[in-house]
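K.L.:
below is the sequence, then the predicted model.
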Amino acid sequence: MKSRAQKTTELEKGKKLLKDSKFLVFADFTKITSEDLRRLRTELKKLGANFLVIKKRLLGILLKEKGAKVDTKEFKVSMGTVFSSEVDKAAGPVYRFFKEFNPAMAAQKILGGYDLENNRQMDATEVLAIGTLPSREVLLTQLVRVVAAPLRSLMYVLSERSKQTVKVADIQLTQDEISSDGGTGKTEVENDNQEMKQGSETSINSENQNRGADQSVASSETVESKPKK
């Protein structure tokens with residue numbers, strides 16, 4: 001049995017924790033070893049929460065001073081209290097702690113909670129539901145993914161439409177180049193072939209002209225070389 005001094009110390013500690021907290025979670029920690037309780041305390045401290053085993057009567061006094069309307073006598077078992085500034089940081093670790101022993105144990109061991117900020121008592125079902133939710137960090141990550149997914153889809157659509165626009169522009173540019181050739185509809189290769197053909201014809205005509213001129217000169221020389229009678 002605790003001495004009066006121990007109870008006073010316990011009361012002062014509970015009063016300080018209550019002052020810095022917004023949410024409480026009540027749970028049955030009977031038949032839980034001291035080693036397991038130390039492990040739970042360590043996990044809670046990482047999240048900024050605290051665990052305290054305090055007499056129900058003393059806890060009732062503290063809650064009454066705080067203006068909280070909760071009857072701790074309704075809990076028929078020895079219980080511990082988790083003090084936290086956020087409900088998920090209290091309910092989540094407690095739920096996972098009991099789930100490690102037995103998935104059904106969490107439903108049996110979580111007794112309820114209290115929202116000090118809104119002065120509202122929470123039953124075991126509500127606290128259990130909050131405890132099963134992912135952590136705030138996980139929820140934020142999931143939210144970012146949900147928000148980012150439509151943006152990625154939009155960026156993909158815009159990228160594909162941009163590619164299609166470039167292709168259409170290239171086709172239009174090619175058609176404009178063809179039209180600038182006088183409306184003949186000829187491609188550059190056809191124009192080159194036409195130019196080569198015209199060049200060949202010009203060369204042949206030039207050779208024929210030179211040959212005709214040579215033949216005229218030869219005939220003239222032949223006539224001049226004949227003796228006069």
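P.N.:
Sure thing, it's come through. On a predicted model such as this, the values are computed, not experimentally measured, just so you know. Residues are numbered from 1 along each chain as shown.

K.L.:
surely M105 and K99 touch.
P.N.:
Yes - between M105 and K99 there is a contact under CB atoms under 8 Å: 7.1 Å. Any C-beta I mention is one placed from the backbone N, CA and C, and that applies to glycine too.

K.L.:
quick one: least confident helix or strand in the chain?
P.N.:
Lowest mean confidence among the helices and strands of the chain (mean pLDDT, DSSP states H and E): helix 188-225, at a mean of 54.

K.L.:
can you show me the strands along the protein?
P.N.:
Applying DSSP state E to the chain gives strands spanning 23-28, 50-52, 79-84, 110-115, 120-123.

K.L.:
and for the first one, what are the contacting residues?
P.N.:
With contact meaning CB atoms under 8 Å, 6 or more residues apart in numbering, strand 23-28 is reached by 18, 75, 77-87, 90-91, 94, 98, 108-117, 127.

K.L.:
any of the residues you listed buried? List them.
P.N.:
Neighbour-count burial (16 or more other CB atoms under 10 Å) applied to the contacts of strand 23-28 gives 18, 75, 79-84, 87, 90-91, 94, 98, 109-114, 116, 127.

K.L.:
neighbours of K7, how many?
P.N.:
15 (other CB atoms under 10 Å).

K.L.:
pLDDT at the closest residue to it other than its chain neighbours, what is it?
P.N.:
Among residues not flanking K7 along the chain, L58 sits closest, at 6.6 Å (CB to CB, 6 or more residues apart in numbering). The score at L58 is 88. That number is its pLDDT.

K.L.:
next: V144.
P.N.:
pLDDT at V144 comes out at 67.

K.L.:
from N119, how far off is K22?
P.N.:
Separation of K22 from N119 (CB to CB, to the nearest Å): 11 Å.

K.L.:
now F23
P.N.:
12 Å.

K.L.:
look at those two and report which has more neighbours.
P.N.:
Neighbour totals were compared for F23 and N119, and F23 leads with 24 against 12 (other CB under 10 Å).

K.L.:
show the average pLDDT along stretch 128-139.
P.N.:
For stretch 128-139, mean pLDDT rounds to 74.

K.L.:
sorry, that was for stretch 25-36
P.N.:
Averaging pLDDT along stretch 25-36 gives 92.

K.L.:
list the buried ones in it?
P.N.:
If you call a residue buried by 16+ other CB under 10 Å, then stretch 25-36 has these buried ones: 25-29, 32.

K.L.:
thanks again, I'm all set now.
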